[in-house]
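Colleague: whatever this is, show me its structure:
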Amino acid sequence: MYYYLFILAVGAERLVELAVSQRNTRWSLANGGKEFGRDHYPAMVSMHALLLVSCIVETWALARPFIPWLGWPMLGVVVLSTVVRWRCVAVLGRRWNPRLIVIPGAPLVRDGLYRWVRHPNYAAVAAEVAALPLIHSAWLTAIAFSIANAIVLRVRIRAENAALALV
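Modeller: Numbers count the residues shown, from 1 in each chain. The predicted structure follows:
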């Protein structure tokens, strides 16, 4: 029961992200931003929504147990990855967006975690996608969505690097 509530809380957090994204999209476009990679964005959003659904369905339908030695550390990974993702949002400010919008002439951000890691947000998302289902031992979901996320991130990072090279 607590796991389902936690998944709902993660879903609510995603809705907050979408609201921030919409605000940042308006600002970026108003400041000359150009959007790239529109074709992969719906797949990315769908994958993240289906991850939450799959966490609930696998746990319920296959009666996955909570295994403390696995669940508690995975909860820690999810919490830490969420902190890292929101730290990325704070560092990027109005330029953060799950959409791929580049403002011509704007310098690359090299503050915060971006000093040491080129894509800290993507690393945090990968950790979260793997760990969230494992909190309640939904290992099929963890495997399937980790693979799907790797495919989406491969497309996304290529599109992002190409877009940054153009402007």
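Colleague: only C-alpha atoms for contact and neighbour calcs from this point on.
Modeller: Fine.
Colleague: so how far is residue 71 from the most centrally placed residue in the chain?
Modeller: Centroid-nearest residue in the chain, with Cα atoms, centre = their mean: residue 125, separated by 4.2 Å. Distance, residue 125 to residue 71, by Cα to Cα, to the nearest Å: 18 Å.
Colleague: mind listing what the residue nearest to the centre of the chain touches?
Modeller: Listed by Cα atoms under 8 Å, 6 or more residues apart in numbering, the contact partners of residue 125 are 81, 85.
Colleague: can you do 10 Å?
Modeller: Neighbouring residues of residue 125 by Cα atoms under 10 Å, 6 or more residues apart in numbering: 48, 78, 81-82, 84-85, 131, 146, 149, 153.
Colleague: I'd like to know which of those is nearest to residue 6.
Modeller: Closest approach between the contacts of residue 125 and residue 6, by Cα to Cα: residue 78, at 10.8 Å.
Colleague: burial count for the closest one?
Modeller: Neighbour count for residue 78, taken as other Cα atoms under 10 Å: 24.
Colleague: just residue 116 next, same as before
Modeller: If you count neighbours by other Cα under 10 Å, residue 116 ends up with 10.
Colleague: do residue 74 as well
Modeller: Neighbour count of residue 74, defined by other Cα under 10 Å: 22.
Colleague: in the helix or strand where it lies, which residues are buried?
Modeller: Per DSSP states H and E, residue 74 falls inside helix 68-92. Residues of helix 68-92 classed as buried: 71, 74-75, 77-78, 81-82, 84-85, 87-89, 91-92 (neighbour count, 16 or more other Cα atoms under 10 Å).
Colleague: could you do stretch 110-129 as well?
Modeller: Residues of stretch 110-129 classed as buried under the neighbour-count rule (16+ other Cα under 10 Å) are 113-114, 120-122, 124-129.
Colleague: dihedrals phi and psi, residue 100?
Modeller: In terms of degrees, to the nearest 10, the main-chain angles of residue 100 are phi -100, psi 90.
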